[in-house]
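J.: Structure of the sequence below:
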Amino acid sequence: MEVRNISGVNNLSVFYYNNKKFFFFGDLHNQNKNSCDQTQQCDHFNYHFTNVESYNSTCTTIGPMLIYWFTYNRNHDIQTDFLLEESMVEKNKKRTYYATYNKVMARRRHDNVNVLSTIFPFDNMSWMALTASILQPCFNNNKLCDFAPTIKFHAVDIRALDGDRVSPFALNFLEEAIDDYRPSLIIHDVIYIIQSLLLNNHLILSAMMDENGYATLIDVFQTIISPLSKSIKSLYQKQWDLMSPMFLIKNIKMHRLAVTMSKLDNAMANRIKTFILRLAKDYTQPLLSQFDSLVLKYTKYFNDEDETQQRDTLQLLLNHAMNHFTVLSAYMMDAYVLTKIFLAQGDEVIVYTGAYHIEIYNLFFKQFVDPVIETPTYEHQKCIYIDTLPEILPIQTYRDYYYKM
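T.: This next block holds a predicted model:
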């Protein structure tokens with residue numbers, strides 16, 4: 001049976017451009033509910049995640065589909081680049097957070113269990129996160145990867161380093177401050193940092209993408225940190241210190257994003273920069289114009305509140321700001337992913353990130369070419385049906401080959 005259902009994804013798009021095929025799969029994180037396999041038989045992993053199991057039906061979950069696809073491409077020498085929203089790691093180091101998954105698998109190996117669909121190791125794990133764990137040898141050390149060197153694996157979440165947030169827009173350190181210090185002593189610092197990052201977002205993003213941007217980033221940071229109280233200044237310095245491994249020396253010091261973009265031809269690099277900066281400008285202009293009224297909304301009665309209420313008020317304000325800075329950090333990752341896409345050498349490029357990131361990549365690609373397939377983002381289901389899918393993505397061919405080897 002031809003596969004027309006893909007379980008575990010929230011959107012899907014395909015583009016043909018410059019004699020390459022680009023496949024985009026989107027994920028809504030921290031959930032695996034409402035997948036196709038809850039209502040139909042879909043190819044899945046066994047309980048120990050050592051084999052894929054097939055019903056030979058019209059449905060497969062994305063994990064087995066990738067295994068079929070990688071196996072076929074490897075054995076047919078189809079050069080492929082696979083970009084996954086996965087945390088960065090320092091060179092020659094392994095991701096420590098795989099350890100939790102590995103402990104669960106070690107316990108499972110002692111159980112003789114037969115399953116009818118994939119049983120996730122954690123309830124709040126999405127297929128994208130599970131894919132990273134299953135393929136961890138390919139991200140930890142390509143030499144141990146079953147699909148290397150034909151399939152090249154790229155971790156593309158430049159906002160994170162082994163799970164730590166290393167974006168200049170990360171404000172998690174302020175949560176610690178709200179817990180540890182009297183709210184009345186830090187409220188002005190919190191508001192000032194939020195406003196400063198909003199005002200300087202264009203400068204920060206530009207500097208992250210610029211080979212000569214390191215000095216600008218440091219100047220912005222020093223300007224923001226200078227008037228802060230000693231306690232907040234120390235916490236903010238620690239946050240910036242987390243970013244240190246992301247700055248590489250290539251003749252001069254620059255962010256990893258700038259290093260990668262410098263490998264692109266100037267026309268495409270500038271096109272990506274312009275696109276990202278336009279998105280950020282359109283997003284932040286309303287926030288800046290409404291900033292004073294927003295702060296007043298949250299802090300109007302701050303001086304009349306007791307300390308516990310003041311902490312809650314500051315946390316609500318910070319949560320609101322962090323939601324917006326998450327978007328700006330996402331644009332940083334989007335610039336990196338788009339750069340990696342156009343640097344890819346493979347005949348096929350497979351991108352698997354958050355669903356809203358995929359919407360951004362679709363928007364960029366549609367400047368050049370119409371999509372072959374583009375689904376909407378299904379927010380309440382991880383199940384996509386496309387009647388014409390076999391004409392574009394021959395999963396049945398990959399699956400037949402896998403089981404006949």
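J.: List the buried residues for the helix or strand hosting residue 317?
T.: Following DSSP states H and E, one finds residue 317 within helix 307-343. Residues of helix 307-343 classed as buried by neighbour count (16 or more other C-beta atoms under 10 Å): 310-311, 313-315, 317-318, 321-322, 324-325, 328-342. To be clear about C-beta, it is placed using only N, CA and C from the backbone, and glycine gets the same treatment.
J.: Need the residues that contact the helix or strand just after it.
T.: Where DSSP H and E defines the elements, the next helix or strand beyond helix 307-343 is strand 348-354. Applying C-beta atoms under 8 Å, 6 or more residues apart in numbering, the contact partners of strand 348-354 are 20-29, 62, 66, 69, 73, 78-85, 128, 131, 156, 330, 333, 337, 341, 358, 361.
J.: tilt between strand 348-354 and helix 307-343?
T.: 170 degrees (axes from the mean of the first three to the mean of the last three C-alpha atoms, to 10 degrees).
J.: Quick check: mean pLDDT of the next helix or strand after strand 348-354?
T.: As assigned by DSSP H and E, the chain's next helix or strand after strand 348-354 is helix 355-365. Helix 355-365 shows a mean pLDDT of 98.
J.: and the lowest-mean-pLDDT helix or strand in the chain, what does it pack onto?
T.: Ranked by mean pLDDT, DSSP states H and E, the weakest helix or strand in the chain is strand 247-250, scoring a mean of 86. Counting contacts by 3 or more C-beta pairs under 8 Å, 6 or more residues apart in numbering; DSSP states H and E, strand 247-250 packs against strand 252-255, helix 256-261.
J.: one more time with 6 Å, if that's ok
T.: helix 256-261 (3 or more C-beta pairs under 6 Å, 6 or more residues apart in numbering; DSSP states H and E).
J.: Domain ranges for this protein, per the record?
T.: The chain breaks down into these domains under automatic domain parsing: 5-164+347-404, 167-331.
J.: buried sites along the lengthiest strand in the chain?
T.: Counting by DSSP state E, the longest strand found in the chain is strand 151-161. By neighbour count with 16+ other C-beta under 10 Å, strand 151-161 contains the buried residues 151, 152, 153, 154, 155, 156, 157, 158, 159, 160, 161.
J.: Give the pairing partners of that strand; include direction for each.
T.: strand 80-88 (parallel), strand 164-165 (antiparallel) (DSSP bridges).
J.: which of those strands sits most buried?
T.: Most buried of the strands paired with strand 151-161 by mean neighbour count (mean count of other C-beta atoms under 10 Å) is strand 80-88; its value is a mean of 22.
J.: Give me the residues contacting that strand.
T.: Residues outside strand 80-88 that contact it (C-beta atoms under 6 Å, 6 or more residues apart in numbering) are 73, 132, 151-157, 160-163, 340, 344, 346, 348-354.
J.: And for stretch 57-70?
T.: 1, 3-9, 36-37, 40-45, 52, 127, 131, 147, 151, 395, 398-399, 402.
J.: give me the low-pLDDT residue ranges for this structure?
T.: 142 (pLDDT under 70).
J.: Nearest residue to the middle of it?
T.: residue 85 (3.8 Å; C-alpha atoms, centre = their mean).
J.: re earlier: between the longest strand of the chain and helix 355-365, how many degrees?
T.: 110 degrees.
J.: how far is strand 151-161 from where the chain is centred?
T.: Averaging C-alpha positions (C-alpha atoms, centre = their mean, to the nearest Å) puts strand 151-161 8 Å from its chain's average.
J.: Equivalent analysis for stretch 359-378, please.
T.: 18 Å.
J.: Repeat that for stretch 213-228.
T.: With C-alpha atoms, centre = their mean, you get 26 Å for stretch 213-228.
J.: CA atoms only for it - export them in PDB, please.
T.: Output in PDB follows, covering the C-alpha atoms of stretch 213-228 (Å, rounded to 0.1, in the frame of the first residue of the first chain):
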ATOM      1  CA  GLY A 213      29.900  42.100  14.700                       C
ATOM      2  CA  TYR A 214      31.700  40.800  17.900                       C
ATOM      3  CA  ALA A 215      32.800  44.300  19.100                       C
ATOM      4  CA  THR A 216      29.300  45.600  18.500                       C
ATOM      5  CA  LEU A 217      27.800  42.800  20.600                       C
ATOM      6  CA  ILE A 218      30.200  43.500  23.500                       C
ATOM      7  CA  ASP A 219      29.500  47.200  23.300                       C
ATOM      8  CA  VAL A 220      25.700  46.500  23.500                       C
ATOM      9  CA  PHE A 221      26.200  44.200  26.400                       C
ATOM     10  CA  GLN A 222      28.400  46.600  28.300                       C
ATOM     11  CA  THR A 223      26.000  49.400  27.700                       C
ATOM     12  CA  ILE A 224      23.100  47.400  29.100                       C
ATOM     13  CA  ILE A 225      25.000  46.000  32.100                       C
ATOM     14  CA  SER A 226      26.800  49.200  33.200                       C
ATOM     15  CA  PRO A 227      23.900  50.800  35.200                       C
ATOM     16  CA  LEU A 228      22.600  47.600  36.800                       C
END
